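Peer 1: What follows is a protein structure lacking sequence information:
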């Protein structure tokens, strides 16, 4: 199945909050670079549609974890938080977070791509990815406290700012954090740029 087919299948599983979710998805797909952004500037899924592929990987992994570890957690919460956890990487409407780098003259001469394919768009006001993700999503969909916590702190203790949530994580946050880590370092490991 293609990443788009996998994404469509996940979107179709959200039914209880369908109207809000549809409004959010319409915004994400039509007003941001969510569908075309890379997942990073030069590491995992550093290519067009990398962010979408990563988000789908996280959602699918999170649903597998949920079924084994915490079936009482709402499936839709898993799908929604997984699909929006890195929405901030799409930037703002009309202003992408990632810009393509041009190859150096020597790279162009020999037909090579830029050694660092993307750079951060410095014209954006700095917000962390989770903060921007929530900023973009909340006007379209109501999120529970545990969903907000999951999106906000999904990078776990890799981020110094997240120390405040240590030992206070909800099960939803733990599922998202592990699904994100597993997707990045196991599923997507072979897709990293060499």
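Peer 2: Cool, the structure landed. Quick caveat, the model's predicted, so the values are computed rather than measured.
Peer 1: Please make it C-alpha for all contacts and neighbour counts, starting now.
Peer 2: Will do.
Peer 1: for the chain, longest helix please?
Peer 2: helix 50-69 (DSSP state H).
Peer 1: Tell me the confidence at the most centrally placed residue in the chain?
Peer 2: For the chain, the residue sitting closest to the mean C-alpha position, by Cα atoms, centre = their mean, is residue 86 at 2.8 Å. You'll see residue 86 listed with a pLDDT of 98.
Peer 1: And it, how far from residue 134?
Peer 2: With the distance defined as Cα to Cα, to the nearest Å, residue 86 ends up 9 Å from residue 134.
Peer 1: Also residue 81?
Peer 2: The value you get for residue 81 to residue 134, if Cα to Cα is used, is 10 Å.
Peer 1: lowest-confidence helix or strand of the protein?
Peer 2: helix 105-109 (a mean of 88; mean pLDDT, DSSP states H and E).
Peer 1: Show me the strands in this structure, by range?
Peer 2: Ranges of strands in the chain, per DSSP state E, are 98-100, 118-120.
Peer 1: a markdown table for these, including mean pLDDT and distance to residue 22?
Peer 2: Shown next, in a markdown table, are the strands of the chain (pLDDT from 0 to 100; distance: least, Cα to Cα, whole Å):
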| stretch | mean pLDDT | distance to residue 22 |
| --- | --- | --- |
| strand 98-100 | 93 | 25 |
| strand 118-120 | 93 | 29 |
